[in-house]
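**Q** Everything below, folded, please.
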Amino acid sequence: MKKIRWGIISTANIGTGKVIPAMQKCHLGEIVAIASRDDAKAKETAKQLGIPKAYGSYEDLLADGEIDAIYNPLPNHLHVPWTKKAAEAGKHVLCEKPIALSSAEAQDLLDFSRSHSEVKIMEAFMYRFHPQWQKAKELVDSGAIGELKTIQSFFSYFLLDPSNIRNQADIGGGGLMDIGCYNISLSRFIFAAEPKRVLATIDFDPTLKTDRLATAILEFDKGSSSFSCSTQLSPYQRVNIFGTQGRIEIEIPFNAPPDKPCKLWLQTGAGIEEMRFEITDQYTLQGDAFAEAILENKPVPTPLEDAVANMQVIERAFASAKQNAWV
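**A** Below you'll find the predicted structure:
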């Protein structure tokens with residue numbers, strides 16, 4: 001069976017700590033190279049993770065003809081520039097979320113991708129590949145909870161370090177971009193629609209200038225979704241999906257652990273049913289899904305149009321908070 005040969009641009013923690021080890025378990029891919037702007041760091045990381053090749057620049061890795069696809073976990077402001085460079089080098093790209101700093105930049109990447117149709121580009125919303133989300137979507141679509149009416153979700157962590165990219169406003173830091181994008185994405189995913197309007201209130205850190213607490217309501221034709229996300233609250237995450245005849249609660253919706261089973265609860269008139277999902281790694285599933293799209297030359301699971309739409313909602317949330325009105 002042919003495998004996609006992956007190259008990683010960046011030795012960022014999300015890659016080395018979570019995604020790379022998971023993708024090394026993929027059935028349809030293998031990681032053959034990693035690059036850093038620091039040659040010594042690239043070699044050290046490659047040694048630690050058992051990756052055959054190390055490059056002291058991203059350009060050198062992109063020039064490697066034995067690499068089929070790139071995983072891009074660079075800071076947000078470098079997502080589009082390096083995704084474009086990788087595509088121009090003939091590499092498929094799986095890029096971390098959010099894929100751009102604005103909907104205009106995401107649209108620019110979409111337009112660019114249409115002129116480079118020989119390569120595939122996908123935003124890495126890994127949660128959608130986990131069986132718990134596939135099941136939640138199946139339950140909603142099958143009418144298991146009646147008519148879908150509203151979703152409530154929460155996602156938070158506590159981080160004050162100003163040197164962390166998540167706390168640097170000028171390169172795309174802040175809660176909405178880092179984690180609120182999940183709350184928005186899941187809402188659009190479950191409703192299978194785009195919100196008509198958004199109402200948001202946002203609190204900004206006076207020193208860091210990043211949004212540290214955002215609460216928003218998304219209004220859809222058939223219902224609503226409300227959420228809060230924060231970079232300065234006790235760590236927590238939960239999702240509740242409500243219908244006219246039932247409710248779905250997902251215990252660990254976003255950072256699903258790769259070493260223990262996950263579970264959701266389906267509550268209906270018949271009682272509460274707990275559904276457990278075997279141990280799996282959503283990053284492995286994501287890597288294989290993207291590789292399969294390449295190998296079988298079929299559309300990626302989440303096209304760039306989805307990334308543009310998600311960014312548009314993020315922007316409307318910021319605009320709503322600024323205008324103190326529905327947008």
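**Q** Could I get the full set of strands for the stretch 201-327 of the chain?
**A** 211-220, 223-230, 232-243, 246-250, 262-268, 271-277 (DSSP state E, counting those that start in this stretch).
**Q** Dump these to JSON lines, plus mean neighbour count and distance to residue 297.
**A** From N, CA and C alone the C-beta is placed, and that goes for glycine too. Below are the strands of the stretch 201-327 of the chain laid out as JSON lines (neighbours: other CB atoms under 10 Å; distance: least, CB to CB, whole Å):
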{"stretch": "strand 211-220", "mean neighbour count": "22", "distance to residue 297": "34"}
{"stretch": "strand 223-230", "mean neighbour count": "22", "distance to residue 297": "35"}
{"stretch": "strand 232-243", "mean neighbour count": "17", "distance to residue 297": "34"}
{"stretch": "strand 246-250", "mean neighbour count": "21", "distance to residue 297": "33"}
{"stretch": "strand 262-268", "mean neighbour count": "18", "distance to residue 297": "32"}
{"stretch": "strand 271-277", "mean neighbour count": "12", "distance to residue 297": "30"}
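**Q** Tabulate those (CSV), appending distance to residue 45 and mean pLDDT.
**A** CSV is the format used below for the strands of the stretch 201-327 of the chain (distance: least, CB to CB, whole Å; pLDDT from 0 to 100):
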stretch, distance to residue 45, mean pLDDT
strand 211-220, 31, 98
strand 223-230, 30, 98
strand 232-243, 27, 98
strand 246-250, 33, 98
strand 262-268, 29, 98
strand 271-277, 31, 98
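**Q** Adding distance to residue 131, write those strands out as a markdown table.
**A** Listed next are those as a markdown table, based on distance: least, CB to CB, whole Å:
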| stretch | distance to residue 131 |
| --- | --- |
| strand 211-220 | 25 |
| strand 223-230 | 22 |
| strand 232-243 | 15 |
| strand 246-250 | 11 |
| strand 262-268 | 8 |
| strand 271-277 | 5 |
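**Q** tell me the contacts of the nearest residue in space to residue 76 that is not next to it in sequence?
**A** Spatial nearest neighbour of residue 76, excluding adjacent residues (CB to CB, 6 or more residues apart in numbering): residue 172 at 3.0 Å. Applying CB atoms under 8 Å, 6 or more residues apart in numbering, we find residue 172 in contact with 75-77, 98, 101, 165.
**Q** next one: phi and psi at residue 172?
**A** Backbone torsions of residue 172, given as degrees, to the nearest 10, read phi 90, psi 20.
**Q** How about the secondary structure of residue 43?
**A** Assigned with DSSP: H, G, I helix; E, B strand; the rest coil, residue 43 falls in the helix class.
**Q** What's the local residue count around the residue nearest to it when sequence neighbours are not counted?
**A** Nearest in space to residue 43, with sequence neighbours left out and distances taken as CB to CB, 6+ apart, is residue 54 at 4.4 Å. Residue 54 has 21 neighbours, counted by other CB atoms under 10 Å.
**Q** What is the burial count for residue 296?
**A** Residue 296 has 9 nearby residues by other CB under 10 Å.
**Q** cool, residue 257 as well?
**A** 12.
**Q** Tell me, what's the model's pLDDT at it?
**A** Residue 257 is assigned 95 on the pLDDT scale.
**Q** for residue 17, same thing?
**A** For residue 17, the pLDDT comes out at 83.
**Q** Would you mind measuring from it to residue 288?
**A** For residue 17, the distance to residue 288 equals 20 Å [CB to CB, to the nearest Å].
**Q** Between the two, which is the more surrounded one?
**A** The residue with more neighbours, out of residue 17 and residue 288, is residue 288; 19 against 10, by other CB under 10 Å.
**Q** Please look at the more buried one and residue 24 and confirm they touch.
**A** No: contact criterion CB atoms under 8 Å: residue 288 and residue 24 do not qualify, at 11.9 Å.
**Q** show me where the protein has helices.
**A** 13, 20-23, 39-49, 58-62, 79-88, 103-114, 131-141, 175, 181-191, 282-295, 304-323 (DSSP state H).
**Q** residues contacting the residue nearest the centre of the chain?
**A** The residue lying closest to the centre of the chain (CA atoms, centre = their mean) is residue 125, at 2.7 Å. With contacts defined as CB under 8 Å, 6+ apart, residue 125 is in contact with 97, 182, 185, 302.
**Q** Between all of these, which two are separated the most?
**A** Maximum pairwise distance in the contacts of residue 125, criterion CB to CB, is 12.9 Å, between 182 and 302.
**Q** Show me which of the two is the more surrounded one.
**A** Ranked by neighbour count (other CB under 10 Å), residue 182 and residue 302 place residue 182 first, with 26 against 21.
**Q** Correct me if wrong: the more buried one contacts residue 127.
**A** Yes: in this structure residue 182 lies within contact range of residue 127 using CB under 8 Å: 6.5 Å.
**Q** overlap in contacts of the two?
**A** 253-254.
**Q** follow-up on the earlier one: tell me the confidence at the residue nearest to residue 43?
**A** Residue 54 is given a pLDDT of 97.
**Q** just checking, it touches residue 34?
**A** Yes: Residue 54 lies in contact with residue 34 (CB under 8 Å); the separation is 5.9 Å.
**Q** Count the residues that sit near residue 89.
**A** 18.
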